[in-house]
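Novice: Fold the following.
(2 chains, ligands or ions: 3)
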Amino acid sequence: MRKWLFINNLGIYLGSLILPSLTAIYTILISLGLIIGGIWVGSNVNLLPVVASSNAPIYDELFKVLFIIGTLLFFGMLGLVVYSLIQFRRKPGQTGDGLAIEDNLPLEIFWTAVPAIVILFVGLYSYDIYERMGGMESLGANNQHHHQMASKQRIWGGIGSKDKSMQGANGTLIPVEVTAMQFAFLFHYPDGDIISGELHVPIGQPVTMKMESKDVIHAFWVPEFRLKQDVIPGQPTILNFTPTRVGKYPIICAELCGPYHGGMRSTVVVEELEDYQNWFAKNAKKPDLEV
Amino acid sequence: MTISIPPTTPNNSKSLQPQGWLRYFSFSLDHKVIGLQYLVCGFVFYLIGGALASAIRIELTSPVSDFMPRDVYNQILTLHGTIMIFLWIVPVVNGAFGNYLIPFFVGARDMAFPRLNAVAFWLIPPAGLMLITSYFINGAAQSGWTAYPPLSITTPAAGQIIWIISVLLLGGSSIFGGINFIATILKLRRPGLKLMQLPMYCWAMLGTSFLVVLSTPVLAGTLILLSFDIVAHTGFFNPVLGGNVIVYQHLFWFYSHPAVYIMVLPAFGLVSEILPVHSRKPLFGYNTMVYSIMAIVFLGLIVWAHHMFTSGTPPWMRLFFTIATAFIAVPTGIKFFNWVATLWGGRISVNTAILFSCGFIVNFVLGGITGVALAQVPFDIHVHDTYFVVAHFHYIVYGGSVFVIFSSIYHWYPKFTGRMLNENIGRLHFIITFIGFNLCFAPQHWLGLNGMPRRVAEYDPQFAFVNQLSSAGALLMAVSTIPFLWNIIYSAFKGPIAGDNPWQALTPEWLTSSPPPVENWPGEAPLVTKPYGYGQKPQKEKNPSIGNAKET
Ligand code: HEM
Ligand SMILES: [Cu+2]
Ligand SMILES: [Cu+2]
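Specialist: Ligands and ions are numbered 1, 2, ... in the order given. Prediction:
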């Protein structure tokens, strides 16, 4: 008898649908409120910086789903704990013990199954997101058909891009070689033999970066692109992305690399194709090479 | 029916031990003395680690590096992390409470290897002192508590080597402790006491000790290789000499992710002891609690590479570690639901102990949710090594373990000292800690998502205000130790006398005097087969020793 009351109270919907009582209705109402509230918060509170790459909106979808589930779970648990502390607190003059409930198999199966299903859903969903961001692409292969770099080396890492095997609007792919050192990033454009402290990229054009470190581990991070990749000495890594919004965004080193780690920053300038071409032409060593 | 263990005949080494409070400063073999030595020693290091944290938060009140030189900042950061993990949480949730409680829980008069136990404790103060003095000698290590090469090879060697030696000593200490717990729980159990009748903290400590014994030697080996790279210029990890820096990360996290569970599994166990007593209900779902500990131990050993999603890890590996990591949430979730079910329908005395335990539940749920999010590769790629991660793991280690340590101190203080703590000051302590903690760490999620990397002394000015909020929270947390310290010191002398069992608890440590005598029970050790038998009529024929369960 007590066990069934307990199930009801804790909100097993099935049980309460069979036995509709006032508590069951409250439970359903509260749960619905929680779900609607969670979805509202998840959809209306934006905790992320602007979207500036083709990866970012995909990332933000995942973030939204996780945020909704997280909000729901957090406030659900918070509510249960606070409610218990208020409802079941020992009132003045009360003596004796609580109910001697030691276990309840259906209930325990229920709350093993629900998290397992939620986790499975989240896992599959984030796999899909990862796939769409190009995470499962073999990056080494990506490079071979285009540029001279890294043809034989086995290169893991980074995130690829599924943009039609890295063909941009006009069929181009911009290669950049990134060198990280204490405490700066250097960008080398093999096409024009440009060396720059700032990364210039045209909007809508996929960029492929081969990154190597001269000393310790650094990490290349652009929050607005939602991308990060460690830059590792002795082991080049690849990072591909397609910028989608004109502007200047910070490049941040995200791996402790020494005393000036906090100052190791640079800028990525995303500009219209024309502006980029002007910048390129002005800086290129071999003026005959066009983008 | 009651089987009893006769008191051991007083042996020379024990009767020669100093008596009175002096014994807390001696090489005592009494598990209770060693437990309190761990606790007090850990708390001293906590105060030091906390002072360092305050220094870090002061530096971060402004976006420029103005409070201390940048390399000193990295040293303080490294010391803070190392002290908090290796000198505060691990020794206290394992060594302190494990030593004090486990022999009681299994019905033994001491640990299996009392001498090894004392050695394990006495490795800690010198290791900690050495670590701290390295700051004054030649500058402490400055490559973070992870000591990733090649940074740890290229920064000044003296501090890094001292760091390695002290971590090795501390690792040795916890291996000794782990072996001792396994032996005590499996071999010293009172005849008639089955494994599935043990208080939950025993199970937590059994699982934790297996993690310690399996993974700490890997850390030790790794750090020894690292020290060869530093002093003998070998090339295990040094890329200049052909070493592989990623191999270090794999080996390091093979220990250090389980270390997370070495910090929280015992905390889970302690909460499972505290909640039933103060809500006057049996621990809900004993069996699932045990199985979920085992599942956490197993999964905890195979998820390390989730710390390496941006280290050039191959895609298939990222996928495997995502799934394994996320699934830890299932056994963890079971435990949380079971705790809430333990509270449900209880007669809860809302005292400081239970407030800290409930605070733990709430904080840890948030830390766990962000953990599941971090396990998703695409999510982690954006926030890895940012303040989001800092927020996540502080919700776990502070909001989790530290809250539980406080809860446990409020719960067992009457047993330790024979006196009660002041409840009102305790609640004040809880409120300031809870507000300070959330004010300090909640805003850091936003910082990380929006572009503030971790381990930096200077940052983009747009983050100044939120960092100041966070520092204000840290200040509150620092202030919160004042009422606590006052309470434990004042009450030790002036607190009301507690009596043997002020909470009317049923676990065996309460069935003796407070504080307990040497060898734990004046006469025979009681056989407690139902440590959570609240709300049940005492069944005299079956369990003579739980006669003081209260009638409803
Ligand atoms: C149980 C107590 C826990 C503690 C003490 C803890 C501690 C930590 C620490 C210290 C880091 C920082 C790694 C770094 O230095 O980069 C971290 C990261 C991480 N934690 Fe936890 N954690 C805990 C629980 C969890 C749980 C329950 C999950 C998932 C279900 C989880 C998933 C992760 C992941 C995926 C990362 C990688 C984040 C990153 O470095 O980008 N953790 N954790
Ligand atoms: Cu760097
Ligand atoms: Cu850096």
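Novice: which stretches of the chain have low pLDDT?
Specialist: Just so you know, I chose chain A. A:1-22, A:136-172, A:286-291 (pLDDT under 70).
Novice: right idea, wrong chain: chain B
Specialist: In chain B (pLDDT under 70), the answer is B:1-20, B:537-552.
Novice: tell me the phi and psi of the residue of it found nearest ligand 1?
Specialist: Of all residues in chain B, residue B:371 sits closest to ligand 1, at 2.6 Å by CB to the nearest ligand atom. For glycine as for every other residue, the C-beta is placed from the backbone atoms N, C-alpha and C. For residue B:371, the backbone dihedrals are phi -70, psi -40 (criterion: degrees, to the nearest 10).
Novice: Return the residues in contact with it.
Specialist: Each residue near residue B:371 by CB atoms under 8 Å, 6 or more residues apart in numbering or on different chains is listed here: B:325, B:328-329, B:392, B:396.
Novice: Tell me which of those residues fall in strands.
Specialist: Assigned to strands by DSSP state E, none of those qualify.
Novice: Between the residues you listed, which sits nearest chain A?
Specialist: Nearest to chain A, judged by CB to the nearest CB, of these is residue B:329 at 5.6 Å.
Novice: if you skip the residues just before and after it, what's nearest to that closest one?
Specialist: In space, residue B:329 comes closest to residue B:372 once its chain neighbours are excluded; the distance is 5.0 Å by CB to CB, 6 or more residues apart in numbering or on different chains.
Novice: ok so, going back, could you dump the contacts of residue B:371 to JSON lines with distance to ligand 2?
Specialist: Output for the contacts of residue B:371, formatted as JSON lines (distance: CB to the ion, whole Å):
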{"residue": "B:325", "distance to ligand 2": "27"}
{"residue": "B:328", "distance to ligand 2": "31"}
{"residue": "B:329", "distance to ligand 2": "33"}
{"residue": "B:392", "distance to ligand 2": "22"}
{"residue": "B:396", "distance to ligand 2": "27"}
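Novice: nearest to residue B:41, of these?
Specialist: For these, the minimum distance to residue B:41 (CB to CB) is 23.3 Å, reached by residue B:396.
Novice: Let's see which of the contacts of residue B:371 end up in helices.
Specialist: Among the contacts of residue B:371, the members found in helices (DSSP state H) are B:325, B:329, B:392, B:396.
Novice: most surrounded residue in those residues?
Specialist: For the ones in helices among the contacts of residue B:371, the largest number of neighbours (other CB atoms under 10 Å in any protein chain shown) sits with residue B:325, at 27 neighbours.
Novice: which non-adjacent residue is nearest that one?
Specialist: residue B:375 (3.7 Å).
Novice: What is the burial count for the one you found?
Specialist: The local packing of residue B:375 (other CB under 10 Å) involves 25 other residues.
Novice: Relative to residue A:79, which of the contacts of residue B:371 is nearest.
Specialist: Of all these, residue A:79 sits closest to residue B:329, with 19.4 Å by CB to CB.
Novice: ok, now which ones touch the closest one?
Specialist: Counting by CB under 8 Å, 6+ apart, residue B:329 makes contact with A:115, A:119, B:368, B:371-372.
Novice: how about these, which pair is most distant?
Specialist: Between any two of these (CB to CB), the greatest distance is 13.0 Å, for A:115 and B:371.
Novice: for the strand or helix carrying residue A:211, packing partners?
Specialist: Assigned by DSSP states H and E, residue A:211 belongs to strand A:207-213. Applying 3 or more CB pairs under 8 Å, 6 or more residues apart in numbering or on different chains; DSSP states H and E, one finds that strand A:207-213 makes contact with helix A:139-144, strand A:174-181, strand A:227-231, strand A:237-241.
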